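**Q** how does the following fold in three dimensions:
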Amino acid sequence: MLVPLAILFIAAPPIAQNARYHAFADTRSFFGIPNFWNVASNLPFLVIGIAGLRLCLRPEVQGARRSWITFFAGTALVACGSGYYHWMPVDASLAWDRLPMTIAFMALLSALVSEHTDEAFERRLLPAAIAVGIASVVWWRYTGDLRFYAWVQFAPLLAIVYILARFPARYTERRCLVYGLVWYAAAKVVEAADTHVFATTSGMLGGHALKHLLAALAPLSVYVMLARRSRCSDEKATQRLTL
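**A** The predicted structure is shown next:
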């Protein structure tokens with residue numbers, strides 16, 4: 001995973017934060033809250049994060065528990081960080097939006113790598129991954145360069161695809177990870193179509209708020225996977241591409 005990062009820094013010029021990123025289609029205020037729907041649409045992250053924490057704290061949950069706990073903690077914090085940013089959308093508040101997201105992304109990466117290789121590896125991988133995620137946001141804030149953050153956001157997602165294709169399943173319900181990827185991809189699409197979605201819905205809902213709702217289905221897919229899964233039998237564990 002370090003090779004794409006090196007290529008990105010060598011081949012691509014620094015990526016600056018687009019000032020238009022903060023210009024949302026739906027800027028309506030309700031109850032004294034600016035950009036109300038962009039703020040309120042983060043609530044599902046809090047609900048799913050708390051539910052995931054309760055699930056992962058149960059002794060019967062197997063696998064990379066530390067990473068899953070961190071993942072859902074990051075998910076819950078997304079509601080706080082993103083809500084704060086959309087209340088006051090500037091670069092300074094955007095950093096608090098991105099920090100919990102990087103924690104969730106890197107914890108997910110740690111969980112999947114550990115569970116598909118050696119679960120004992122989690123003790124070293126998780127803190128290192130979280131440190132890298134936080135460093136990517138700090139790098140952006142002090143240099144104005146988004147390349148490191150872009151790698152942190154998308155490399156774990158590409159790693160999920162590779163892990164599912166390359167390694168045999170040790171737990172059932174891996175298809176939920178695919179569902180999560182689909183929901184996240186859909187969220188990125190409607191985010192790019194913020195103004196179009198707002199116009200199509202006759203001003204009822206902007207694409208950015210819809211992005212939050214769709215993106216929240218990604219950690220929900222992880223929650224469903226953990227709630228339903230069980231350890232594969234030895235026979236199933238030898239089958240590659242088992243979803």
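**Q** quick one, longest helix in this structure?
**A** Identified as the longest helix of the chain according to DSSP state H is helix 91-116.
**Q** after that one, next one along is what?
**A** Downstream of helix 91-116, the first helix or strand assigned by DSSP states H and E is helix 122-143.
**Q** in the longest helix of the chain, which residues are buried?
**A** 93-116 (16 or more other C-beta atoms under 10 Å). Glycine gets a C-beta too; all of them are placed from N, C-alpha and C.
**Q** stretch 209-225 now?
**A** Buried, per 16+ other C-beta under 10 Å, within stretch 209-225: 209-223, 225.
**Q** then that stretch to CSV, C-alphas only?
**A** What follows is stretch 209-225, C-alpha atoms only, in CSV (Å, rounded to 0.1, in the frame of the first residue of the first chain):
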residue,chain,number,x,y,z
ALA,A,209,-27.2,15.5,3.1
LEU,A,210,-28.2,12.4,1.0
LYS,A,211,-24.5,11.5,0.9
HIS,A,212,-24.4,11.3,4.7
LEU,A,213,-27.5,9.1,4.8
LEU,A,214,-26.0,6.7,2.1
ALA,A,215,-22.5,6.8,3.7
ALA,A,216,-24.0,5.8,7.1
LEU,A,217,-25.2,2.5,5.4
ALA,A,218,-21.6,1.5,5.0
PRO,A,219,-20.9,1.1,8.8
LEU,A,220,-24.4,-0.3,9.2
SER,A,221,-23.3,-3.0,6.7
VAL,A,222,-20.3,-3.7,8.9
TYR,A,223,-22.6,-3.9,12.0
VAL,A,224,-24.8,-6.4,10.3
MET,A,225,-21.8,-8.5,9.3
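**Q** and stretch 26-33, what's its mean pLDDT?
**A** For stretch 26-33, mean pLDDT rounds to 91.
**Q** closest to Ser233 out of the buried residues of stretch 209-225?
**A** Distance to Ser233, by C-beta to C-beta, is smallest for Met225 among the buried residues of stretch 209-225, at 17.9 Å.
**Q** between helix 91-116 and the helix or strand where the closest one lies, find me the angle.
**A** Applying DSSP H and E as the criterion places Met225 in helix 207-228. Going by axes from the mean of the first three to the mean of the last three C-alpha atoms, to 10 degrees, helix 207-228 is angled at 30 degrees with respect to helix 91-116.
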